[in-house]
Structures are given as C-alpha cells and as structure tokens.
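Peer 1: below: sequence and its predicted model.
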Amino acid sequence: MPAPRTVLLTGAAGGVGTLMRRLLPSYGYRLRLLDVVPIEDAEEGTEVVTADLADTGALRAAVRGTDAVLHLAGISLEADFPEILRANVEGTYHLYEAVRAEGVRRVVLASSNHAVGFTPRPAGDDPLVPVDTPHRPDTFYGLSKCFGEDLASLYWDRYGVETVSVRIGSLQPEPTDVRMLSVWLSPADGARLFHAALTAGDVGHTVVYGSSANTRLWWDLSSARALGYQPRDDAEAFAARLLAEQGEPDPARPEHAFLGGQFCTDPPRWGR
C-alpha cells in the first residue's frame, strides 16, 4: 500500500509516542495526535485531540479521514486488572470499532514481548524464539497484549482491517540494563519498523517482534524483515559498560530465565 498521508498516533504524549511523533514525519507522514493528556509541545500546525479511548464519539472523530492508525495508547506497565481492562482491553476494542466504522484499513498495534513473557530465554545454540510461540503472558499487562493480538486477528478475519502487531521490546534512547542488550529497539529502528508496518502490502494480521539487530537477540525478526524492516542499530555498543556494572545474568533466577525478565517476578507498576 502507498505511504499513508495521515496517521492517527494514539498515546502521543507517552514515552514511545513522543519519540515517534518526532521521527515519523521525516517519512512523509502527517500525524494526528491523540492522548488523554494535553500535548503542549506539538509541532505548529499538528492536529491534537485530547480524549480518552472510552469517549467513543471523540475517538471516532479522531479516526475519521485518516489512512492508518499507530495505536500506542494504554497502560504500559503492570496495574490492577480493572485498570488494565479499561485502558488496554476496552480501549483497544473501542479503537478497532472506530476504525471499522470509519473504513480505515490499516492499524499498527503496540503489542509487547510480555505477551510471551514466561517463554524461556534461548541459550547457547538454542534457536531464536519464533513469532508463533504460544502466548505466555507474564502479567495482566501482558495478558492485555494477548487480547490485542487476538482482537486484531478477529477484525482482519471478520472485517478486513489489516494489523501489524508489534511485540515491542524496550524502545528507548539506549539500553539501561543487561536484559535490554537482547530486546532493545532504538528509536530510529522503531521508526523504521513502524514505517514498514504502515506501508507493507497484504499484511492481513501479522505479528512481529520489535527490536534492533542486537548481537544478543532472543527472538526471530524474520516476519518484521519480511515487511521491509532493516534494523541498523545494535545494543552491543552498550554491553561492556552494562555488564561491568550489573554482571552476567544468572539463569537460575526466574527474572533471568524468562523473556519477561522482572515482569515475571516483581513487575514494575503503573503510576509508581
């Protein structure tokens, strides 16, 4: 499909959203920004919508006239189930209903590696974790991402809404712990991946892992590369410093044995 002219970016005030609204315009996108939090530093002339995903009228108006949606909104850490249910489960449903009703044909959905967080980490000569590995969520947050992937599959099969579900690793300026040497997605590579997901043809419902070309990579990026994604960065540039500070992982410890890391034992909580 041709590059969309206008993309609705939900969660535009969040960490990943802020990075992407600065990087994606260079690919030719006109962004419409949506968040429940007012965005005070948007580029001049950028459309900004302040609304909750539960406001279905405002959400449908925000979707109207766009060519695609990059859905980053929601709770990005662990929280009590009612909070996750409202923001991540019901919020994503409301988004897909708005997309269906307005005839938008492409969504790029922020899934997460925590949808498969209790999958054992590969070691030694083990094969990379495939994208079709069964869901093994490590938290209510991870469970909500399983729901998002399955909802996207339903809307493709029933309504013809295409989705690329991106199981994002750690998308931030640089890795801050040893685990991130395997799952880091640099902001520049994040923009490359989202651009590929927005423009690839005939994706149906495709699930991809989202990380850079890390030397210590745990999962298979082949489905992402099939979209045209060509990662350029590698967390190994940060390895010597992080290993000197934190040491090598101990596979006998659960937080070092599974993909989800700390989310499998003592997950960081939203709002703390």
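Peer 2: Yep, that arrived. The model shown is predicted, which means the values in this text are computed figures rather than measured ones.
Peer 1: okay, the residue most central in space within the chain and V208: tell me how far apart.
Peer 2: Closest to where the C-alpha atoms of the chain average out (CA atoms, centre = their mean) is A110, at 2.8 Å. According to CB to CB, to the nearest Å, A110 and V208 sit 12 Å apart. Every C-beta, even on glycine, is put in place using the N, C-alpha and C of the backbone.
Peer 1: what do the two both touch?
Peer 2: V166 (CB atoms under 8 Å, 6 or more residues apart in numbering).
Peer 1: what's the first-to-last distance across stretch 257-265?
Peer 2: 11 Å (CA to CA, to the nearest Å).
Peer 1: what does the average pLDDT come to for that stretch?
Peer 2: Mean per-residue pLDDT for stretch 257-265: 97.
Peer 1: what does stretch 233-250 give?
Peer 2: Taken as a whole, stretch 233-250 has an average pLDDT of 97.
Peer 1: again, but for stretch 219-230
Peer 2: 98.
Peer 1: which outside residues touch that stretch?
Peer 2: Defining contact as CB under 8 Å, 6+ apart, one finds that stretch 219-230 is touched by 113, 127-131, 164, 166-167, 192-193, 196-197, 199-200, 203, 206-211, 213, 231, 259.
Peer 1: let's see 6 Å
Peer 2: Residues outside stretch 219-230 that contact it (CB atoms under 6 Å, 6 or more residues apart in numbering) are L128, V129, P130, V131, L193, A196, A197, A200, V208, Y209.
Peer 1: what's the helix or strand T18 falls within packed up against?
Peer 2: Using DSSP states H and E, T18 sits within helix 15-23. On a contact count with 3 or more CB pairs under 6 Å, 6 or more residues apart in numbering; DSSP states H and E, helix 15-23 meets no helix or strand.
Peer 1: tell me which residues of the next helix or strand after it come out buried.
Peer 2: Where DSSP H and E defines the elements, the next helix or strand beyond helix 15-23 is strand 30-35. Residues of strand 30-35 classed as buried by neighbour count (16 or more other CB atoms under 10 Å): L31, R32, L33, L34, D35.
Peer 1: check stretch 149-159 too.
Peer 2: E149, L151, A152, Y155, W156.
Peer 1: of these, closest to F263?
Peer 2: F263 lies nearest to E149 out of the buried residues of stretch 149-159, by CB to CB, at 17.1 Å.
Peer 1: does that closest one really touch S112, like I thought?
Peer 2: No. The pair E149 / S112 is not scored as a contact, 9.7 Å apart, by CB atoms under 6 Å.
Peer 1: tally up the residues packed near the residue nearest to G169 when sequence neighbours are not counted, please.
Peer 2: Once flanking residues are discounted, G169 sits nearest to V183: 3.2 Å by CB to CB, 6 or more residues apart in numbering. Other residues within reach of V183, judged by other CB atoms under 10 Å, total 26.
Peer 1: buried subset of the contacts of stretch 219-230?
Peer 2: V129, V131, L193, A196, A197, A200, V208, Y209.
Peer 1: quick one: buried residues of stretch 264-272?
Peer 2: Within stretch 264-272, the residues that count as buried by 16+ other CB under 10 Å are C264, P267, W270.
Peer 1: next one: stretch 57-65
Peer 2: Across stretch 57-65, burial judged by 16+ other CB under 10 Å covers A58, L59, R60, A62, V63.
Peer 1: contact partners of it?
Peer 2: Residues from elsewhere that reach stretch 57-65 (CB under 6 Å, 6+ apart): L8, L34, V49, A51, H94, A98, V99, E102, V104.
Peer 1: having no further points to raise, I will conclude here.
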